[in-house]
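Participant: Model the structure of this input:
(one chain, ligands or ions: 1)
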Amino acid sequence: MPSVLIIEDEAVIRNALTRLLERDGLSVTAVESVEAATRAGSLSTHDVILADLRLPGRPGTDVIPLAEETPVIIMTSYASVRSAVDAMREGAIDYIAKPFDNDELRLTVRRAIKEHTLQRQNAALRAHVEADYPVSGIIGTCAPMQRVFERVRRVAPTDTSVLILGESGTGKELVARAVHEGSERRQGPLIAVNCAAIPESLIEAELFGHEKGAFTGATGAREGLVEAASGGTLFLDEIAELPPAAQARLLRVLQEGEIRRVGAARSRRVDIRLVAATHRDLPRMVEAGQFREDLYFRIQVMEIRLPPLRERGEDVPELARFLLGKACRRLNRPPLRFSDEALQRIRGYAWPGNVRELENAIERAVILTDSTQITADLLALPADTDTAAGSGLDLSLEEYFREFVREHEASLTETELARRLGISRKALWEKRQRLGIPRRRSA
Ligand SMILES: Nc1ncnc2c1ncn2[C@@H]1O[C@H](COP(=O)(O)OP(=O)(O)OP(=O)(O)O)[C@@H](O)[C@H]1O
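Facilitator: You can find the predicted model right below:
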């Protein structure tokens, strides 16, 4: 029999909830405070916890860290989105606004229990098979990734702005895609823009469009990317890099649902849902006056924080196998496998470049291998650069890249530079970040 822990200080509600859920076949423990709950034994033995937000003593959200893997649903009589959002931010999987509808409450509790059970079963299963993943092909069984999925599931169908935080290469773009696919807008466009990869002087026109003659070179009127995303989702990656004028225009889009092209006298209606991402500390930037506070408050309504790869435990070897399969298919190679030593190295390495670094290391190894196995040396991870077979090649490629960029960046635009190197602009930008040769800001 699934067990539920209720933490509610008002006796009338506590008893009503107990009766309701017992009738539903659950084993119920009901207490009046967080303190009483902790005295009653380990919280993680329950299948779900239903806690009131306002309690005498500690608030209901205090049980979240104590509950470990057990899902916590927060009840709030202050039916403000604010407190519910705050509770979710602290890790609650769902919320219920009081006064609640009995059926809705039963459904929410049932769903939490079912997901919790599935999650446990899946964790066991996934160690063996490449299962279907809950959120559009994103691998992740560890608890922090499960929380990410849960949040994506909750927030996707709403029209709220979402801010995705996480180090470079942690999968922010994949999550943005999942939010779009889980929304009512999934039939509409998803326009992804990397704000850092567009030169500052062009970004306003690129995003917001321009009228004919708005600036030298504007020979015709053009729609911007924001308009192109109308009816769908606009994903602004590296939003912290947006210059002040573009920040102001974006704020207007979010506040008024209106856009004004550069050089235009009147504005047009647009209907976009914004998903933004950054690896920077936005509150710090707001404090330093580098990012508009009003815009920050608009975009951070719901945050999704992606853990770095080094905090994902057994997801790492699982991801490695998945990415190996993907690389083999893409490069038209028969299926390959990792040697035991290679898997050990993969587990032990810190992956500062996260999933992208893992993906690149695997792709390089697939290209270099002559056998059916990927051995540790082929991965050429930094600690073994002296002995690794592949590292000589890798180093000289990087040197070449550095040299080429340094020599030509003054005379070529980023687009031309990327084309000459045979890579995309996004890849050029990423490579610059990784190798520590960021683009020089144009004046
Ligand atoms: N959990 C995951 N499962 C499968 N593939 C993943 C996962 N996370 C990331 N990837 C893959 O890793 C690569 C990098 O991911 P993505 O571009 O989404 O990262 P990012 O956080 O947006 O990076 P950046 O901030 O540098 O733009 C992509 O090829 C993506 O498909």
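Participant: The residue in the stretch 151-300 of the chain that the ligand sits nearest to: neighbouring residues, count only.
Facilitator: For the stretch 151-300 of the chain and the ligand, the shortest gap (CB to the nearest ligand atom) falls at G171, measuring 2.7 Å. Every C-beta, even on glycine, is put in place using the N, C-alpha and C of the backbone. The number of residues packed near G171 is 23, by other CB atoms under 10 Å.
Participant: so it touches L358, yeah?
Facilitator: No - in this structure G171 lies outside contact range of L358 using CB atoms under 8 Å: 10.9 Å.
Participant: Next to the ligand in this structure, residues from the stretch 301-443 of the chain, please.
Facilitator: For the stretch 301-443 of the chain, the contact set with the ligand under CB under 6 Å from any ligand atom comprises L319, V355, R356, E359, E430.
Participant: which residues does the first one contact?
Facilitator: The neighbourhood of L319, defined by CB atoms under 8 Å, 6 or more residues apart in numbering, consists of I139, L309, R312, V355, L358.
Participant: Out of those residues, which comes closest to A16?
Facilitator: For A16, the nearest member of the contacts of L319 is R312. The distance, counting by CB to CB, is 41.1 Å.
Participant: what's near enough to touch the closest one?
Facilitator: For R312, the contact set (CB under 8 Å, 6+ apart) comprises G140, C142, P144, M145, L319.
Participant: just to revisit the earlier point, which ones among the residues of the stretch 301-443 of the chain next to the ligand lie within helices?
Facilitator: Among those, the residues falling in helices (DSSP state H) are L319, V355, R356, E359, E430.
Participant: which SS state does the residue nearest to the fourth one when sequence neighbours are not counted fall under?
Facilitator: What it means is E359. Of all residues beyond its chain neighbours, the one nearest E359 is L323 (5.1 Å), with distances taken as CB to CB, 6 or more residues apart in numbering. What DSSP: H, G, I helix; E, B strand; the rest coil gives for L323 is helix.
Participant: likewise Q433?
Facilitator: Applying three-state DSSP to Q433 yields a three-state assignment of helix.
Participant: Quick check, it in contact with N194.
Facilitator: No - at 11.0 Å, Q433 does not count as touching N194 under the criterion of CB under 8 Å.
Participant: What is the most widely separated pair among the contacts of R312?
Facilitator: Going by CB to CB, the two entries of those that are most distant from one another are P144 and L319, at 13.6 Å.
Participant: residues contacting E241?
Facilitator: The neighbourhood of E241, defined by CB under 8 Å, 6+ apart, consists of C195, A196.
Participant: quick one on the thing from earlier: tell me which of the ones in helices among the residues of the stretch 301-443 of the chain next to the ligand is nearest to V262?
Facilitator: The nearest member of these to V262, counting by CB to CB, is E430 at 27.9 Å.
Participant: Next, count neighbours for the closest one.
Facilitator: Using other CB under 10 Å as the criterion, the residues surrounding E430 number 20.
Participant: quick one: it and E173 touch, right?
Facilitator: No - the criterion here is CB under 8 Å, and E430 misses it with E173 at 11.3 Å.
Participant: what's the spacing between L66 and I96?
Facilitator: Counting by CB to CB, to the nearest Å, the gap between L66 and I96 amounts to 20 Å.
Participant: Among these two, which residue is more densely surrounded?
Facilitator: Counting neighbours by other CB under 10 Å for L66 and for I96 shows that I96 has the greater number, 19 against 15.
Participant: Low-confidence stretches in the chain?
Facilitator: Residues of the chain meeting the criterion pLDDT under 70: 77-82, 85, 120-136, 383-400, 422, 440-443.
Participant: show me where it has strands.
Facilitator: Listed in chain order, the strands found in the chain under DSSP state E are 3-7, 27-31, 48-52, 72-76, 94-97, 162-165, 190-194, 233-237, 258-259, 268-269, 273-278, 302-305, 337-338, 373-374.
Participant: List just the one of those strands that sits closest to A410.
Facilitator: Minimum separation from A410 across the strands of the chain (CB to CB) falls at strand 190-194, 22.4 Å.
Participant: That closest one vs strand 273-278, what angle?
Facilitator: For strand 190-194 against strand 273-278, the angle between stretch directions is 30 degrees (axes from the mean of the first three to the mean of the last three CA atoms, to 10 degrees).
Participant: relative to strand 233-237, how tilted is strand 190-194?
Facilitator: 20 degrees.
Participant: strand partners of strand 190-194, parallel vs antiparallel please.
Facilitator: For strand 190-194, sheet partners with direction are given as strand 233-237 (parallel), following DSSP bridges.
Participant: Give me the residues contacting the strand it pairs with.
Facilitator: Counting by CB under 8 Å, 6+ apart, the neighbours of strand 233-237 from elsewhere in the structure are 172-173, 176-177, 179-180, 183, 185, 188-196, 225-226, 242, 250, 272-278.
Participant: Run through the residues of the stretch 51-200 of the chain sitting next to the ligand.
Facilitator: Residues of the stretch 51-200 of the chain lying near the ligand (CB under 6 Å from any ligand atom): I138, I139, G140, G166, S168, G169, T170, G171, K172, E173, L174.
Participant: Just the ones of those residues in helices?
Facilitator: Secondary structure of those is defined by DSSP H; positions in helices are K172, E173, L174.
Participant: Among those, which one has the most neighbours?
Facilitator: Per-residue neighbour counts (other CB under 10 Å) across these peak at K172, which has 24 neighbours.
Participant: Tell me, how many residues neighbour the closest residue to that one other than its chain neighbours?
Facilitator: Beyond its immediate neighbours in the sequence, the residue positioned closest to K172 (CB to CB, 6+ apart) is A277, lying 4.1 Å away. Look at A277: counted by other CB under 10 Å, it has 25 neighbours.
Participant: A11 too?
Facilitator: Under the neighbour criterion other CB under 10 Å, A11 is assigned a count of 10.
Participant: give me every residue that touches the residue nearest to it when sequence neighbours are not counted.
Facilitator: By the measure of CB to CB, 6+ apart, the closest residue to A11 outside its immediate chain neighbours is E32, 7.7 Å from it. With contacts taken as CB under 8 Å, 6+ apart, E32 has the following neighbours: I7, E8, D9, A11, R14, L55, P56.
Participant: list the contacts for E150?
Facilitator: With contact taken as CB under 8 Å, 6+ apart, E150 is in contact with I93, E115.
Participant: make it 6 Å
Facilitator: In this structure, E150 makes contact with I93, judged by CB atoms under 6 Å, 6 or more residues apart in numbering.
Participant: and the residue nearest to K172, what is it in contact with?
Facilitator: If a contact means CB under 6 Å, 6+ apart, then A277 has I164, K172, D237 as its contacts.
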